[in-house]
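Enquirer: build the 3D model from these lines:
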Amino acid sequence: MWARNRSRSSPCGGSERGSEPGPEPGSGVLSDRPSGVLSGVLSDLLSGTGTLPSSADRVVDDQALTKRRPSADQALTKRLLSIQPTAVPCQSRRDVTMSAMRLIHTVAGVLLLLLTIGSILRTLVVPRGLYSSLVHGLWRALRTVLRLTAAPFGTYRAQDRAQTWLAPLMLTGMLAVWLGGMLISYTLILHGTSGLNWSISFREAGSSLFTLGFASGDRLHLSVIDFIAASSGPLVIALQIAYLPTLYAAYNRRELEVTLLQSRAGEPAWGPELLARQSLVDTETALPQLYRDWERLAADLGESHSNYPVLISFRSPQPNRSWVVGLIAVMDAAAVHLAICPRTAPPEARLVLRAGFTALRDIGRSMRVDFDPDPAPDAAIRLSYTEFDAAVALIAAAGFPHERPAHEAWPHFQGWRVNYEPLAYELARRSDAVPALWSGPRDFRAPVIPPARPADRRPPGGHAG
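Expert: Numbers count the residues shown, from 1 in each chain. This is a model prediction of the structure:
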């Protein structure tokens, strides 16, 4: 019987011609090629001139075949060995490719883990006003969604109710992003450092990160990764919990002064209204203490709101109150006071102005707001002279003393306000503060809200008893 040749697929693709394995020596099966004696007999039979071989002839042929079998087997073995080496380089290339992909996954997981840890440290731990891309990105996305949700109502109250949820959503979003980043990081690391598939790697990473404990690897290096993941999950949650008391302590200090300002500067607060009310109730002597209180608060705002930018999104309990509007009102009152009363204005007015625009600049740097750190005193401001003249007339009508007329006081007021107006307007816009007088434009349509002045309850011709 002749050995059958067949075509078989190569591990690298394509096909190769190969032979089935030959017969074992002494098995009685004909080898790859017939012997010379057998070939001659077959030729004679086919031509009709030959006869069948006798028993003696067959014994001779069998002996000849037996002698030729070893050489035929050796030739066949060489042919098989010449085919096998072609599969070895292909398997090697496949192994190299898989190893390279696992290395890439491991490196990507480590880089993502380092990026996540860096974001956590920058936001929660490092006591410096560092810019956080995560906080800024969440603020932009969530603020846009909430503003569009309230846009159909077309009122400031609707915007205020919607933006109340901005800070809580940002805190929840930061925790979700951090834990999600760690989950993806550990999944990539486990997949890259082991033979686990994606689903098992994800399951083991989640079990370790959230300390569920229902999945575990048997290898030592996987156990080390599991231990690191199991410690990082609770640590992030603990840092976030410890972050909240710091935020709310700064929030309470801020809102205390903003609430106290309501009875002095109206709601929403306005600088000229602050001076006019002090004259109406004969409390001008309380202005130096007010300036000192807000100087200290301005320093606190500059430190807390630059280190923890999410505080900017925390709104006041009442819709017509705002920390940035209150700070603008106190600074405007101090600037007007210095402009119209240069000799009798207390020195605390200068101090609160300096502390105020220094705090605004610190916050602006942490939020990457562009501003001129040393503007010219005669640089243009957005507040017009007409608005200033009307405010000075209101203050004078309330009986507040003044040493300069409005046209002489205007350059001095402009020289003060140029230091803080651009930053104050930008922060009021970003925080979606109440649209008060002299506080700049907003991203939503709403009319300017003047301060509500309480009705005069004094009896006609008398004084309050």
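Enquirer: which residue is nearest the middle of this protein?
Expert: By CA atoms, centre = their mean, the chain has its centre lying nearest to residue 134, at 2.8 Å.
Enquirer: show me the shaky parts of the stretch 101-250 of the chain.
Expert: 129, 212-222 (pLDDT under 70).
Enquirer: picking up where we left off before, surely the residue nearest to the centre of the chain is in a strand?
Expert: No. Residue 134 is assigned helix when assessed by DSSP: H, G, I helix; E, B strand; the rest coil, not a strand.
Enquirer: not counting sequence-adjacent ones, nearest residue to it?
Expert: residue 119 (5.0 Å; CB to CB, 6 or more residues apart in numbering). Using the backbone N, CA and C atoms, a C-beta is placed for each residue, glycine as well.
Enquirer: check contacts around the one you found.
Expert: By CB atoms under 8 Å, 6 or more residues apart in numbering, the contact set of residue 119 is 132, 133, 134, 178, 181.
Enquirer: make it 10 Å
Expert: Going by CB atoms under 10 Å, 6 or more residues apart in numbering, residue 119 touches 132, 133, 134, 135, 174, 177, 178, 181.
Enquirer: and if you look at residue 442?
Expert: Taking CB under 10 Å, 6+ apart, we find residue 442 in contact with 147, 156, 159, 425, 428-435, 448.
Enquirer: rerun that using 7 Å as the cut-off
Expert: 429, 432, 435 (CB atoms under 7 Å, 6 or more residues apart in numbering).
Enquirer: helix/strand/coil for it?
Expert: Once three-state DSSP is applied, residue 442 turns out coil.
Enquirer: gap between it and residue 160?
Expert: 11 Å (CB to CB, to the nearest Å).
Enquirer: circling back: what about the residue nearest to residue 134, helix or strand, and which?
Expert: Element membership for residue 119, per DSSP states H and E: helix 87-120.
Enquirer: next: residue 453.
Expert: For residue 453, there is no enclosing helix or strand under DSSP H and E.
Enquirer: and the pLDDT for it?
Expert: Predicted confidence (pLDDT) for residue 453: 75.
Enquirer: what segments of the chain are strands?
Expert: Taking DSSP state E as the criterion, the chain contains strands spanning 5-9, 15-19.
Enquirer: show me the helices in the stretch 251-400 of the chain, by range?
Expert: Here the stretch 251-400 of the chain has its helices, by DSSP state H, counting those that start in this stretch, at 271-280, 287-307, 323-340, 348-366, 385-397.
Enquirer: may I have the last one as PDB, with CA atoms only?
Expert: Right, the one you point to is helix 385-397. What follows is helix 385-397, C-alpha atoms only, in PDB (Å, rounded to 0.1, in the frame of the first residue of the first chain):
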ATOM      1  CA  TYR A 385     -19.900 106.800  37.000                       C
ATOM      2  CA  THR A 386     -23.600 107.300  36.800                       C
ATOM      3  CA  GLU A 387     -24.200 104.300  39.100                       C
ATOM      4  CA  PHE A 388     -21.600 105.600  41.500                       C
ATOM      5  CA  ASP A 389     -23.100 109.100  41.500                       C
ATOM      6  CA  ALA A 390     -26.600 107.800  42.300                       C
ATOM      7  CA  ALA A 391     -25.100 105.700  45.200                       C
ATOM      8  CA  VAL A 392     -23.300 108.700  46.700                       C
ATOM      9  CA  ALA A 393     -26.600 110.700  46.500                       C
ATOM     10  CA  LEU A 394     -28.400 107.900  48.400                       C
ATOM     11  CA  ILE A 395     -25.700 107.900  51.100                       C
ATOM     12  CA  ALA A 396     -25.800 111.700  51.400                       C
ATOM     13  CA  ALA A 397     -29.600 111.600  51.700                       C
END
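Enquirer: any idea how far that helix is from the chain center?
Expert: 47 Å (CA atoms, centre = their mean, to the nearest Å).
Enquirer: and the first one, by the same measure?
Expert: Using CA atoms, centre = their mean, the mean C-alpha position of helix 271-280 is found 45 Å from that of the whole chain.
Enquirer: one more: the second one?
Expert: For helix 287-307, the distance from its own C-alpha centre to the chain's C-alpha centre is 30 Å (CA atoms, centre = their mean).
Enquirer: with only the CA atoms kept, save it in PDB.
Expert: Backbone C-alpha positions of helix 287-307 (Å, rounded to 0.1, in the frame of the first residue of the first chain) are rendered in PDB as follows:
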ATOM      1  CA  LEU A 287     -18.000 100.400  61.000                       C
ATOM      2  CA  PRO A 288     -14.400  99.900  62.200                       C
ATOM      3  CA  GLN A 289     -15.400  96.700  64.000                       C
ATOM      4  CA  LEU A 290     -17.300  95.500  61.000                       C
ATOM      5  CA  TYR A 291     -14.300  96.100  58.800                       C
ATOM      6  CA  ARG A 292     -12.100  94.100  61.200                       C
ATOM      7  CA  ASP A 293     -14.500  91.200  61.300                       C
ATOM      8  CA  TRP A 294     -14.600  91.000  57.500                       C
ATOM      9  CA  GLU A 295     -10.800  91.400  57.300                       C
ATOM     10  CA  ARG A 296     -10.400  88.300  59.300                       C
ATOM     11  CA  LEU A 297     -13.200  86.500  57.300                       C
ATOM     12  CA  ALA A 298     -11.500  87.500  54.100                       C
ATOM     13  CA  ALA A 299      -8.300  85.900  55.200                       C
ATOM     14  CA  ASP A 300     -10.300  82.800  56.200                       C
ATOM     15  CA  LEU A 301     -12.000  82.700  52.800                       C
ATOM     16  CA  GLY A 302      -8.700  83.000  51.000                       C
ATOM     17  CA  GLU A 303      -7.300  80.100  52.900                       C
ATOM     18  CA  SER A 304     -10.300  77.700  53.000                       C
ATOM     19  CA  HIS A 305     -11.800  78.300  49.500                       C
ATOM     20  CA  SER A 306      -8.500  78.100  47.700                       C
ATOM     21  CA  ASN A 307      -7.500  74.800  49.500                       C
END
